[in-house]
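Undergrad: I would like the atomic coordinates for the input below:
(one chain, ligands or ions: 1)
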Amino acid sequence: ATNGARVVSTWDFGVGANAAAWPVLARGGSALDAVEAGARWAEANLCNPTVGRCGNPDRDGVLTLDASIMDGDGRCGAVAALEDIAHPVSVARAVMEKTPHVMLVGAGAQQFAVAQGFEKTPLLTDTARAAWREWLKTSEYAPQINAERQSRPGDKTNHDTLGILARDAQGRLAGACTTSGMAWKLHGRVGDSPIIGAGLYVDNEVGAATASGVGEEMVRNAASFLVVELMRQGRSPADACREAIERVVRKRPEASRTLQVCFLAMNKDGDVGAFALHRGFVYAVHDAAPGPHDRLHEAAS
Ligand code: SD4
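TA: From the prediction side, this is the model:
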């Protein structure tokens, strides 16, 4: 029943997200339900001092969330700059399924969420508030490479993005992306994660791609769309990701030295590939193959 089913996710916490998504695929469920389950796990369980939705707010001390979801038929939904709603990915799915629109932002997104029965609840933790107060002393916006990676002691959380892609037993693809964005961003800043084609793109005929890192670079390059289009031209997932990274570097060679950009892709056959601008991007794969599923793969860079 799990024939060809597979789920892949960004970063260390991708292991947990995959573990939450896999049972959906294992019982013959849809890729769309699987990626939502994985993203919800991340949104609910990343509450630790180093990473999470309980992570760091924007420069005004406000935690704003971005998320998107897409299936291989081109159905998609997204929310950006959403405040005080714990599961932005599910709000994104509601935008997709219950409105004629693709994206809702800010107060309107929150109003829609509440009308759909999502609970409004303050999310910013004391730890994050304290980190923000500390940050205010310098007020310097300096994103750290691989800040999402939990396995490196001493790393400070700068942002936390889960990108998750799945293929179900029927061969359908879906993806989701959820994040609190870059810490200390300007209030109102929206990254790549909720932008279809930038942080996420899925096409059943070709494959799926998602991104993590400094989102402005993905938006500039319509990067997840680019990765899928490169696969359409015959590139392997890893090759397509590498080519997209080269595009990022060519456009901004100076900036590329200090910021991280990471791509993760899966083609329609379930082959997985990744590439990062700098070392240290890890991703997790889960399928029916025997053996441990908590081993991480490090992307080439
Ligand atoms: C953003 N791409 O908002 C996200 C941040 C990220 O891991 O990936 N963090 O730009």
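Undergrad: What residues sit buried inside the helix or strand of the chain with the lowest mean pLDDT?
TA: In the chain, the helix or strand scored least confidently by mean pLDDT, DSSP states H and E is helix 126-136, which has a mean of 89. Within helix 126-136, the residues scored as buried using 16 or more other C-beta atoms under 10 Å are Thr127, Ala128, Ala131, Trp132, Trp135. (Each C-beta comes from the backbone N, C-alpha and C, glycine too.)
Undergrad: Repeat that for stretch 114-126.
TA: Across stretch 114-126, burial judged by 16+ other C-beta under 10 Å covers Phe118, Leu123, Leu124, Thr125.
Undergrad: before we move on, what about stretch 264-274?
TA: Leu264, Ala265, Met266, Asn267, Lys268, Gly270, Val272, Gly273, Ala274.
Undergrad: how close does Lys137 get to Ala130?
TA: Separation of Lys137 from Ala130 (C-beta to C-beta, to the nearest Å): 12 Å.
Undergrad: Considering the buried residues of stretch 114-126, which is situated nearest to the ligand?
TA: Comparing those against the ligand with C-beta to the nearest ligand atom places Leu123 closest, at 16.1 Å.
Undergrad: ok so that closest one is a strand residue?
TA: No - checked against DSSP: H, G, I helix; E, B strand; the rest coil, Leu123 lies outside a strand; its state is coil.
Undergrad: thought it was touching Leu82?
TA: No - here Leu123 lies out of contact with Leu82, judged by C-beta atoms under 8 Å, at a distance of 10.1 Å.
Undergrad: Which neighbours do these two have in common?
TA: Listed contacts common to Leu123 and Leu82 are Leu65; contacts here mean C-beta atoms under 8 Å, 6 or more residues apart in numbering.
Undergrad: ok, for Cys76, nearest residue in space, not its chain neighbours?
TA: Closest residue in space to Cys76, ignoring its immediate chain neighbours: Met70 at 3.9 Å, by C-beta to C-beta, 6 or more residues apart in numbering.
Undergrad: That neighbour sits in which helix or strand?
TA: Counting by DSSP states H and E, the element that carries Met70 is strand 65-71.
Undergrad: Within its sheet, name the partner strands of that strand and how each one runs.
TA: strand 76-82 (antiparallel), strand 173-179 (antiparallel) (DSSP bridges).
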